[in-house]
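1. Make a model of this:
(chains A and B)
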Amino acid sequence: KAGVTQTPRYLIKTRGQQVTLSCSPISGHRSVSWYQQTPGQGLQFLFEYFSETQRNKGNFPGRFSGRQFSNSRSEMNVSTLELGDSALYLCASSLGSADGETQYFGPGTRLLVL
Amino acid sequence: SQQGEEDPQALSIQEGENATMNCSYKTSINNLQWYRQNSGRGLVHLILIRSNEREKHSGRLRVTLDTSKKSSSLLITASRAADTASYFCATANFGNEKLTFGTGTRLTIIP
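-> This next block holds a predicted model:
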């Protein structure tokens, strides 16, 4: 099976702009989670989507949003970008049993906000 | 917020030696997982240990879990240069897929 894919891999934006990142899960996986990784805060959970519904949400401002499509592909959007949003954004997929199962991560999208 | 700390933050050993990393967490868990990350890339799942298990092996990896102390350790035996990476523990609770990660240990294997 193909692994989790994320596009784009690298992105440069300026403050105030918005950005959309995409994640395609492993075939058959219905859960997609998003994480932000920064040197200062480490790996932080953003949100999880299952069957097109947000099932869990981390402690991030409303500028961070996401959605999931019927084919389980997911997008996350960050509006009004701030310098502190520069990070590696990782998505992970799983079958979605909601039992803390193994997550399969994509290669990440590295976002730089200038 | 992060679940807990990993110790040490960085570890350098000679190739062939064993590497031990420790992870502490704060709340009760369903399972604990270890992941590896190479140079800021995606995370690769290594091993999952459930809260009712005390020890688990996978190839050169040995993981222990002590729920009374809320701690886990990862042992990599006979290290190789390819093991150079950052290692993260992550805890999972019942009812959701959210992983709460530790701070990570950066492991360097010296050839």
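2. What strands flank the helix or strand of chain B with the lowest mean pLDDT, and is each parallel or antiparallel?
-> When each helix and strand of chain B is scored by mean pLDDT, DSSP states H and E, strand B:6-7 comes last, with a mean of 87. Paired with strand B:6-7 in the same sheet, following DSSP bridges, are strand B:19-24 (antiparallel).
3. Does the residue in chain B that chain A sits nearest to have any beta-bridge partners, and if so which?
-> At 2.5 Å from chain A, B:A92 is the closest residue in chain B, using C-beta to the nearest C-beta. Quick note: C-beta positions are derived from backbone N, CA and C, even for glycine. Beta bridges link B:A92 to B:N31, B:L99, judged by DSSP bridges.
4. Check the gap between it and B:R62 for me.
-> For B:A92, the distance to B:R62 equals 20 Å [C-beta to C-beta, to the nearest Å].
5. higher neighbour count, these two?
-> The neighbour comparison of B:A92 against B:R62 (other C-beta atoms under 10 Å in any protein chain shown) goes to B:A92, with 25 against 17.
6. What pLDDT is listed against that one?
-> Turning to B:A92, the model gives it a pLDDT of 91.
7. correct me, but it touches B:S28?
-> No. Look at B:A92 against B:S28 with C-beta atoms under 8 Å: they stay out of range, at 11.2 Å.
8. buried ones in stretch B:54-66?
-> B:K56, B:L61, B:R62, B:V63, B:T64, B:L65 (16 or more other C-beta atoms under 10 Å in any protein chain shown).
9. residues touching the last one, list them.
-> I take that to be B:L65. Contact analysis of B:L65 by C-beta atoms under 8 Å, 6 or more residues apart in numbering or on different chains lists B:L32, B:I49, B:S51, B:E53, B:R54, B:E55, B:K56, B:S71, B:S72.
10. so what's A:R110 up against?
-> For A:R110, the contact set (C-beta under 8 Å, 6+ apart) comprises A:R9, A:Y10, A:L11, A:A87, A:L88, A:Y89, B:G40.
11. For A:V4, give me phi and psi.
-> Dihedral pair for A:V4: phi -70, psi 130, per degrees, to the nearest 10.
12. Which per-residue confidence value corresponds to the residue lying closest to it once chain neighbours are set aside?
-> Nearest residue to A:V4 in three dimensions, chain neighbours excluded: A:G106, at 3.7 Å (C-beta to C-beta, 6 or more residues apart in numbering or on different chains). For A:G106, the model assigns a pLDDT of 97.
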